[in-house]
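S.K.: Next comes the sequence, and after it the predicted model I'd like to discuss.
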Amino acid sequence: MGKESLFVGFTLDGNRRLKAEELGINTSDLTTQQIEIAYRAGGEVAKNIIEEARELRLSIIALWALSCKNMEQRPDEQKEAIFRILDDYLKDLDENWIDKSKNSEVKLVHLGRREMLEQSAPDVMKRLDALRKKTCERTGMVVALCLDYDTVNEHRRALRDYLRAGIIGGENGPTINFEQFLDLAREGVPYQELDLRIRTGEDGGRYNHNNGFLNNYDYGEARDVYHKIYLPDYTIEMFRRDVKELMYSPKRRGA
């Protein structure tokens, strides 16, 4: 079976809210230890999603684990808990996953800002950069970790570099496509339109929103799937169903 040319984005949402509901308290009353337990539970689901994405032969799986808003507004102790989990997660990927034969073509990349992460979480960035370097020549499924990421900031980065290229190119302006300056292209991944966006922690009602996740890759044809349940309760069977419903949809792009 060849690689399935699908680009799937997943917003990993609801870890804290599920833990707060289990304890019968508000999210603001969670201790740092309780928050860390909640995020580790979500991290285990993220690992399983990556495994299943590989089994489904996806082209790109993007996991939004830390937004720019999170980075700027979360209390330091919460961010430090997230960084500890990310560091452990990346270490596990490096030591126990990325070099297994079935994962030998998986490429790991980063979408998002680097500057604040390099200051606040240098160990995380060191591990992430080592994995990026180790897998940079690989041509299989792309795992994009979206850390300190949002669409607006990605667009600004791309526009800045696009305009610089235009100045260098002369009076006629840029001679290459804007998409070639997006974060995936920066990581050496050819541009591909988004096919499916999944988000947990939404109620399935009128006011669902995707927070603009990966909008730079969506020209109005991406499918949005919302799940009321929070991330730690999202199962691999649900992920498989979400993806396969898209695979066999008569409205699928190019079908």
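M.R.: Yep, it's here.
S.K.: where along the stretch 151-255 of the chain do the strands fall?
M.R.: Ranges of strands in the stretch 151-255 of the chain, per DSSP state E, counting those that start in this stretch, are 196-200, 223-227.
S.K.: The stretch 1-150 of the chain too?
M.R.: Under DSSP E, counting those that start in this stretch, the stretch 1-150 of the chain gives strands at 7-11, 60-67, 107-111, 142-149.
S.K.: Would you convert those strands into JSON lines that also reports distance to G188 and mean pLDDT?
M.R.: Every C-beta, even on glycine, is put in place using the N, C-alpha and C of the backbone. Converted to JSON lines, the strands of the stretch 1-150 of the chain look like this (distance: least, C-beta to C-beta, whole Å; pLDDT from 0 to 100):
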{"stretch": "strand 7-11", "distance to G188": "15", "mean pLDDT": "94"}
{"stretch": "strand 60-67", "distance to G188": "12", "mean pLDDT": "93"}
{"stretch": "strand 107-111", "distance to G188": "8", "mean pLDDT": "97"}
{"stretch": "strand 142-149", "distance to G188": "9", "mean pLDDT": "96"}
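S.K.: Using TSV, lay out these together with distance to Y191 and mean neighbour count.
M.R.: Below are those laid out as TSV (distance: least, C-beta to C-beta, whole Å; neighbours: other C-beta atoms under 10 Å):
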stretch	distance to Y191	mean neighbour count
strand 7-11	10	25
strand 60-67	11	23
strand 107-111	13	23
strand 142-149	12	24
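S.K.: Ok, which of these comes nearest H227?
M.R.: Counting by C-beta to C-beta, H227 lies closest to strand 7-11 out of the strands of the stretch 1-150 of the chain; the figure is 10.2 Å.
S.K.: Name every strand pairing with that closest one and say which way it goes.
M.R.: Counting by DSSP bridges, the strands paired with strand 7-11 are strand 60-67 (parallel), strand 196-200 (parallel).
S.K.: Export the ones you listed as TSV, with columns for distance to Q33.
M.R.: Listed next are the strands paired with strand 7-11 as TSV, based on distance: least, C-beta to C-beta, whole Å:
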stretch	distance to Q33
strand 60-67	19
strand 196-200	23
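S.K.: just so I know, which of the ones you listed lies nearest R157?
M.R.: Nearest to R157, of all the strands paired with strand 7-11, is strand 60-67, at 15.4 Å by C-beta to C-beta.
S.K.: distance between that closest one and the chain's centre?
M.R.: Centre-to-centre, strand 60-67 and its host chain are 1 Å apart (C-alpha atoms, centre = their mean, to the nearest Å).
S.K.: Give me the contact list for that strand.
M.R.: With contact meaning C-beta atoms under 8 Å, 6 or more residues apart in numbering, strand 60-67 is reached by 6-12, 46, 49-50, 53, 82, 86, 111-112, 141-150, 184, 189, 192, 211, 213-214.
S.K.: how about 7 Å then?
M.R.: Here strand 60-67 makes contact (C-beta atoms under 7 Å, 6 or more residues apart in numbering) with 7-12, 46, 49-50, 53, 82, 111, 141-150, 192, 213-214.
S.K.: wait, E187 sits on V109?
M.R.: Yes: between E187 and V109 there is a contact under C-beta atoms under 7 Å: 3.7 Å.
S.K.: tell me, how many neighbours does N153 end up with?
M.R.: N153: 15 surrounding residues under other C-beta atoms under 10 Å.
S.K.: One more: L196?
M.R.: 22.
S.K.: Which one of the strands of the stretch 1-150 of the chain lies nearest to Y230?
M.R.: Closest to Y230 of the strands of the stretch 1-150 of the chain is strand 7-11 (C-beta to C-beta; 11.5 Å).
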